[in-house]
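1. coords below, sequence missing:
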């Protein structure tokens, strides 16, 4: 029974991932701190393997904010600042910085006076990181044996990360009934994918009110019943993380009575609160993180 339910919830996740957000609001994916560390680790490993005398590696998110910076011993002092500039230039323009160095070398000196981007660094070694057709960050490298090697290291790190994300998205996963049952006992995650997550959730009592800023939640009830409040206004809100807000309760909103077999879809940004729960209340949760 639970295997069939999991198949249903995965189909619902794919539908949610393809749904467009409201026209007034734009949502985009961006690198996490862990993703930035993975890219930097790949870049530094490649630098060591290819005898780079030194290298500074900077990784920024989709908005050009620095997430991670590391440099090898022996790198010149300003390499860190230059690598940050390369990464920011690559992500804000959506192009490798080799494009800009080549343009300047061909006489387009007006590019050096671009005032909107600080710092604008038209030097090889900055490469955007793109996943599923969307730029989610960039990596910048400075201090290797040459400008060409800076670019080679950054390009390899970006390509390796992109390939890994593609492999994760394409992977077929099968979970045994015993593993799913154990996950429900522990209120645990079942599947974690760049585009969605599947959780085996269990509630024995009412919880806090929540707002997920990046995730669309889909609930499929397996057992028990609950009173769910959606919409309205969060009372005494606090930021649990950059993407989730919690509160004591909800003022206003719509009341829903949930029972076995029910499915509820809650778009990102909509408050929701399990006000009452008849335990044990078990339900699959698909979190669609795709834009």
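-> Ah, there it is. Keep in mind the model is a prediction, meaning the values are calculated, not measured.
2. what's the strand of greatest length in the chain packed up against?
-> The strand that spans the most residues within the chain, counting by DSSP state E, is strand 272-288. With contacts defined as 3 or more CB pairs under 8 Å, 6 or more residues apart in numbering; DSSP states H and E, the packing partners of strand 272-288 are helix 2-18, strand 196-203, strand 209-212, strand 216-230, strand 249-251. C-beta coordinates here come from the backbone N, C-alpha and C atoms, glycine included.
3. Distance from the third one to the middle of the chain?
-> So that's strand 209-212. In this view, strand 209-212 has its centroid 18 Å away from the chain centroid, taken as CA atoms, centre = their mean, to the nearest Å.
4. For the remainder of this discussion, apply numbering that starts at 58.
-> Yep, numbering from 58; the last one is strand 266-269 now.
5. residues making contact with it?
-> If you take CB atoms under 8 Å, 6 or more residues apart in numbering as the criterion, strand 266-269 is touched by 286, 291-292, 294, 300-307, 323, 325-330, 344.
6. Please tell me how far residue 259 sits from residue 234.
-> Taking CB to CB, to the nearest Å as the measure, residue 259 falls 16 Å from residue 234.
7. now residue 177
-> Noted for residue 177: a distance of 56 Å to residue 234, by CB to CB.
8. same question for the helix or strand containing residue 158, mean pLDDT?
-> Applying DSSP states H and E as the criterion places residue 158 in helix 155-162. For helix 155-162, the mean per-residue pLDDT is 87.
9. still on that earlier bit, between residue 177 and residue 234, who's got more neighbours?
-> For the pair residue 177 and residue 234, the greater number of neighbours falls to residue 177 (18 against 11), based on other CB atoms under 10 Å.
10. Need the three-state assignment for the more buried one.
-> Here residue 177 is recorded as coil under DSSP: H, G, I helix; E, B strand; the rest coil.
11. which residues of the stretch 108-257 of the chain fall in strands?
-> 113-118, 123-128, 183-188, 191-199, 246-249, 253-260 (DSSP state E, counting those that start in this stretch).
12. Put together a markdown table for those strands, with mean pLDDT on each row.
-> Output for these, formatted as a markdown table (pLDDT from 0 to 100):
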| stretch | mean pLDDT |
| --- | --- |
| strand 113-118 | 96 |
| strand 123-128 | 94 |
| strand 183-188 | 94 |
| strand 191-199 | 94 |
| strand 246-249 | 87 |
| strand 253-260 | 92 |
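13. Of those strands, which stretch is the most buried?
-> A comparison of the strands of the stretch 108-257 of the chain by mean neighbour count, using mean count of other CB atoms under 10 Å, puts strand 113-118 on top with a mean of 30.
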